[in-house]
Structure formats: C-alpha cells, structure tokens
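Trainee: Please find the sequence and the predicted model below.
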Amino acid sequence: MTKTYYHIKDIKFLSHEQLLAKFRHIESWMKKIRKAKVRGDSMRVDKLIEATPSYNLHHLVKERYPTFTDAVRDLDDALSLVCLFAGCPSNKDLRISREMTQLSQTLWNEFDLWLKLSRSLRKSFLSVKGIYY
C-alpha cells in the first residue's frame, strides 16, 4: 500500500480553484435531478436539464501559457493530442464524434504537408506507436 503526501501549501492553493467549485455545483445539480426523478416530478427534471451547468478551462490555459511564445514551445503536446484523435474511432459513450476525428485527421494532414513544404523539420523519431517530430 502506497501513500501520497501533499504539502499544505498545495492543498490551500487547490482549495481556491474555481473549477473545483464548479464541479461541486455540478454534483449538487445531479443530486437535484436524481431527487426529482425519484419523486416523479418530470416538470422539475425538465427545468433542471434545461439549466445544465457548464464550465470552461480558459483560465487554466491562460495560466499554463501566459504568452504566445510559451504556447508555441509546447505545440508538440497539442499536436500529439490531434494525432491521437485522428487515429481514434468515433465513440458515443466517450463523446468522440465522427466529425471530430475527421477534423483531427484533416488538421494532422495539413500540418504534415506544411512540415514537408517548409522543410522546417530537423529531428524526427519513428516508433511502433507513431511518428514523433
């Protein structure tokens, strides 16, 4: 059995994260829907479903990449994700639509073509899992 220890400073920092508050709000919204379903109150369920809470990750992206240069330096991570989605089959349970995989494949092909035409590739690595630039 392994134990993970955290610094108090890290826990205090995460306790102020707005995304955690949003997840708590979504959890309470789900409880309200469950209670309304159990009570048979279909009007309340419909009203709650119309008011589905949402969240975005914009603040995390801005925190991770404060400048455009920082984002360009980590472009390989984004391209790896695009390549992953390009190779994935569509799946309704995971919310991976056919259009998303096609768009990822198109984006990947365009980037690959740009690399070839601009001759800007210096290093690459070929593996069983794929091509790494």
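Mentor: It's in.
Trainee: Need the pLDDT of Ala21.
Mentor: Note on Ala21: pLDDT of 87.
Trainee: Give me the next element, helix or strand, following whichever helix or strand it is part of.
Mentor: Element membership of Ala21, judged by DSSP states H and E, is helix 18-39. Downstream of helix 18-39, the next assigned helix or strand under DSSP H and E is helix 42-50.
Trainee: which residues touch that next one?
Mentor: With CB atoms under 8 Å, 6 or more residues apart in numbering as the test, helix 42-50 has contacts from 29, 32-33, 36-37. Glycine gets a C-beta too; all of them are placed from N, C-alpha and C.
Trainee: Going by neighbour count, which of those residues comes out on top?
Mentor: Within those, Ala36 tops the neighbour count with 18 neighbours, counted by other CB atoms under 10 Å.
Trainee: For it, list the residues it contacts.
Mentor: 44-45, 48 are the contacts of Ala36 under CB under 8 Å, 6+ apart.
Trainee: Recalculate using a threshold of 6 Å.
Mentor: 44-45 (CB atoms under 6 Å, 6 or more residues apart in numbering).
Trainee: which residue sits closest to the most centrally placed residue in the chain in space, ignoring its chain neighbours?
Mentor: The centroid of the chain falls nearest to Leu57 when counting by CA atoms, centre = their mean (8.3 Å). Nearest non-adjacent residue to Leu57, counting by CB to CB, 6 or more residues apart in numbering: Leu19, 7.4 Å away.
Trainee: ok, the one you found to Pro53 distance?
Mentor: As judged by CB to CB, to the nearest Å, Leu19 and Pro53 stand 12 Å apart.
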